[in-house]
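> Here's my sequence, what's the structure:
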Amino acid sequence: MELIGKSFRNWILQQEVKGFVAAATDDDHIRFEGESALAEVNVYAMDGAPEIVELRIEETRTGETTFFLHFELEEETRARQLALEMLDALSDQGSGQAMRVLLTCTTGMTTSMFAAKMNEVAKLLSVGYEFSALPIGQAIAEASAYAAVLLAPQVGHRRNEVADAASGAPVIPLPARLFASYDAGAAVRLVMDALSGDSSKADHELLRPKRDLKLAGRSVMLLSVINGTEPRCGARSTSIGYRVLKDGEIVLEGEAQKRDFGYRDVEDVLAAAALLGADVHALDAIAVSVPGTVIDGVVSMPNNGLDDYDLQGHIAERYGVPVVVENNARAAAIGCYVSQDRYDSVAFHTQRTGAWVGGQGNVVHGRALRGLASQSGELAPIARRRYDRDEVAEMAWSPEGMRRIVADYLVDNVCMLAPQAVYVACELVDDMDALRGELAADLPERAIPELVAVDDYRERSYLGVLALSMQEIERRQ
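Below is the predicted model:
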């Protein structure tokens, strides 16, 4: 293990990032210093265990940590892979350039004034965006150079044309009401939602269960994985949160941030938490919520190139404690169920800005629905049969369009399962009265469930897997 550590340190010092100078302060601490950010590679020796590597990037201007990860130094190939993720993120920040966002209309004159207002808002909010404006013809020619493109209402019908030229960058039609009122703050928020799509980072109080989960005397670790996009550069980003509860109270929590995601990253974070203070082997259970399909603890996201991986089996084998792994949306539905004691049948629906497919979880008479091959709540097959993708993709960028999409999914859900309450986590759909109005076009008033807006997706997921972990503990007794 000592040889791996020395080889890894030497390799790190040989890496070059434009605008940064690498230097070792001692054998275990290496810094990459630049004007925009500071990156650190710290190696910690652990008695009788593999060394721990800490990777961290801190933005100089704001002091914000933009990349943070611990992992065990067991395999040098994987250690290099994770370090390269950090150096790639550092390179983006070291470019010294704000994330460029383009506004476009027929001539570019109106959007030029709007772009100036948005730049003022971005400066006040300390977000790394730079807004500029071009007429539609020139915008199409140059769209690939921007992280996102905003379309004024008068050119919204050309979204598909712009999207083809934008090389995968979000193309966001501005709602007419927002554009007409020159609401630059709302427009910046729309861009932030589109590029990050994660409201889970807000601070929330611990969500307390209303149903008796029998937490007394129990010690459990909860992990929650949320995928998003890094607002500074448009690259994919993953947040892996962890929390240790004893008797229902938080005794330890933290979060890892990295670029890409693989299910093994959950194991890395768990191992690092164990070696940095969490007595994992003494836990009564470990519970994990992840994106993707989960069948008996085996997880997969085929569309992301992540094939079947026995995450539950790997964790259980290493730590020898009961392990629960569940899909995020289903875990959140269970969390919604145990957070109240009024309804026995609830649904949870989540849909991010710009996404034409959402996710659902359902609890009926106190039991979470999974079904054959864990397909309950998987909405992609419904979306493909119901919608023309190009048409619905435009709808998903406006509050009005997204409300119609969410209502379509909920009508299907109500007709099949008739929940008493539906919890909705969607940045563009926060007006439950307006959503009820959409449902009323297809459903009798008496059949419309209670609608509850949710802004604490991660908390709901945590609570859901906590409930599942208690069930697993009882089952084994």
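> okay, now Ser181: neighbour count?
Per other CB atoms under 10 Å, the neighbour tally for Ser181 reads 10. Yep, even glycine has a C-beta here, placed from its N, CA and C like the rest.
> measure it to Lys123 for me?
Remark: distance between Ser181 and Lys123 (CB to CB, to the nearest Å) = 21 Å.
> what helix or strand does Val325 sit in?
According to DSSP states H and E, Val325 maps onto strand 323-327.
> now whichever strand or helix holds Leu13, how far from the chain's geometric center?
Applying DSSP H and E as the criterion places Leu13 in helix 2-14. Distance of helix 2-14 from its chain centroid, counting by CA atoms, centre = their mean, to the nearest Å, is 32 Å.
> Which secondary structure elements does that helix sit against?
The contact analysis (3 or more CB pairs under 8 Å, 6 or more residues apart in numbering; DSSP states H and E) places helix 2-14 against strand 21-26, strand 29-33, strand 37-46, helix 76-94.
> all strands of the stretch 301-450 of the chain, in order?
306-310, 323-327, 346-350, 359-364, 367-368, 421-425, 450-453 (DSSP state E, counting those that start in this stretch).
> who touches the second one?
If I follow you right, that is strand 323-327. Outside strand 323-327, the residues that touch it by CB atoms under 8 Å, 6 or more residues apart in numbering are 285-294, 297, 299, 311-312, 315-316, 334, 359, 361, 374, 377, 464-465, 468-469, 472.
> hang on, the earlier thing: just the C-alphas of the strand holding Val325, formatted as CSV.
Presented in CSV, the C-alpha positions along strand 323-327 are these (Å, rounded to 0.1, in the frame of the first residue of the first chain):
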residue,chain,number,x,y,z
VAL,A,323,-28.3,-2.9,3.7
VAL,A,324,-31.2,-1.4,1.8
VAL,A,325,-30.9,0.2,-1.7
GLU,A,326,-33.9,2.0,-3.3
ASN,A,327,-34.7,4.2,-6.2
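> could you give me the average pLDDT of it?
Average pLDDT, strand 323-327: 96.
> go on, stretch 299-313?
Across stretch 299-313, pLDDT averages out at 87.
> Check which residues of that stretch are buried.
Neighbour-count burial for stretch 299-313 flags 299-301, 306, 309, 311-312 (criterion: 16 or more other CB atoms under 10 Å).
> same check, this time on stretch 390-401
Buried residues in stretch 390-401, counting neighbours by 16+ other CB under 10 Å, are found at 392-399, 401.
> distance between the ends of it?
One end of stretch 390-401 sits 13 Å from the other (CA to CA, to the nearest Å).
> which residues sit against that stretch?
156, 159-160, 163, 170-173, 175, 190, 194, 351, 353-356, 383, 402, 404-405, 428-429, 431.
> Kindly report the same for stretch 440-450.
Identification of contacts with stretch 440-450 by CB under 8 Å, 6+ apart yields 343, 347, 407, 411, 414-415, 418-422, 436, 439.
> ok, 7 Å please
411, 414, 418-422, 436, 439 (CB atoms under 7 Å, 6 or more residues apart in numbering).
> Quick one: mark the members of these that sit in helices.
411, 414, 436, 439 (DSSP state H).
> Wait, the first one touches Leu439, no?
When you say that, I think you mean Val411. Yes. Val411 sits in contact with Leu439 when judged by CB atoms under 7 Å, with a separation of 6.4 Å.
> More neighbours: which of these two?
Counted by other CB under 10 Å, Val411 and Leu439 do not tie: Leu439 has more neighbours, with 22 against 17.
> ok, back up a step: the buried residues of stretch 390-401 into a markdown table, with extra columns for pLDDT and distance to Leu103?
Shown next, in a markdown table, are the buried residues of stretch 390-401 (pLDDT from 0 to 100; distance: CB to CB, whole Å):
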| residue | pLDDT | distance to Leu103 |
| --- | --- | --- |
| Val392 | 78 | 23 |
| Ala393 | 72 | 19 |
| Glu394 | 74 | 17 |
| Met395 | 81 | 20 |
| Ala396 | 82 | 19 |
| Trp397 | 77 | 14 |
| Ser398 | 79 | 16 |
| Pro399 | 83 | 19 |
| Gly401 | 88 | 19 |
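> Mind putting the residues you listed into TSV with distance to Phe261?
Shown next, in TSV, are these (distance: CB to CB, whole Å):
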residue	distance to Phe261
Val392	26
Ala393	23
Glu394	28
Met395	28
Ala396	22
Trp397	24
Ser398	29
Pro399	29
Gly401	28
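> Nearest to Ala23 among these?
Trp397 (45.4 Å; CB to CB).
> what about the helices in the stretch 251-400 of the chain?
264-275, 311-319, 328-338, 380-386, 389-395, 399-417 (DSSP state H, counting those that start in this stretch).
> what's the closest of the ones you listed to Ala23?
helix 264-275 (24.9 Å).
> buried sites along that closest one?
So for helix 264-275, counting by 16+ other CB under 10 Å, buried means 265-275.
> try stretch 142-158
Neighbour counts over stretch 142-158 (16+ other CB under 10 Å) mark 142-143, 146-156, 158 as buried.
> any idea of the mean pLDDT for that stretch?
On average, stretch 142-158 scores 87.
> picking up where we left off before, dump the helices and strands packed on helix 2-14 to JSON lines, plus mean neighbour count, mean pLDDT and distance to Pro322.
Listed next are these as JSON lines, based on neighbours: other CB atoms under 10 Å; pLDDT from 0 to 100; distance: least, CB to CB, whole Å:
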{"stretch": "strand 21-26", "mean neighbour count": "11", "mean pLDDT": "91", "distance to Pro322": "41"}
{"stretch": "strand 29-33", "mean neighbour count": "18", "mean pLDDT": "94", "distance to Pro322": "38"}
{"stretch": "strand 37-46", "mean neighbour count": "18", "mean pLDDT": "89", "distance to Pro322": "25"}
{"stretch": "helix 76-94", "mean neighbour count": "18", "mean pLDDT": "84", "distance to Pro322": "27"}
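> Tell me which of those lies nearest to Leu55.
That would be helix 76-94 among the helices and strands packed on helix 2-14, by CB to CB, at 4.5 Å.
> angle of the closest one against strand 21-26?
Here helix 76-94 runs at an angle of 130 degrees relative to strand 21-26 (axes from the mean of the first three to the mean of the last three CA atoms, to 10 degrees).
> Just the C-alpha atoms of helix 76-94, please, in PDB.
This file holds the C-alpha atoms of helix 76-94, laid out as PDB (Å, rounded to 0.1, in the frame of the first residue of the first chain):
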ATOM      1  CA  GLU A  76      -4.000   3.400  -8.200                       C
ATOM      2  CA  THR A  77      -6.000   3.300 -11.500                       C
ATOM      3  CA  ARG A  78      -9.200   4.400  -9.800                       C
ATOM      4  CA  ALA A  79      -7.300   7.000  -7.700                       C
ATOM      5  CA  ARG A  80      -6.000   8.500 -10.900                       C
ATOM      6  CA  GLN A  81      -9.400   8.500 -12.500                       C
ATOM      7  CA  LEU A  82     -10.900  10.400  -9.600                       C
ATOM      8  CA  ALA A  83      -8.000  12.800  -9.400                       C
ATOM      9  CA  LEU A  84      -8.400  13.500 -13.200                       C
ATOM     10  CA  GLU A  85     -12.000  14.400 -12.600                       C
ATOM     11  CA  MET A  86     -10.900  17.000 -10.100                       C
ATOM     12  CA  LEU A  87      -8.200  18.400 -12.400                       C
ATOM     13  CA  ASP A  88     -10.700  18.600 -15.200                       C
ATOM     14  CA  ALA A  89     -13.000  20.600 -13.000                       C
ATOM     15  CA  LEU A  90     -10.100  22.800 -11.900                       C
ATOM     16  CA  SER A  91      -9.200  23.400 -15.600                       C
ATOM     17  CA  ASP A  92     -12.800  24.700 -16.200                       C
ATOM     18  CA  GLN A  93     -12.600  27.100 -13.300                       C
ATOM     19  CA  GLY A  94      -9.100  28.100 -14.200                       C
END
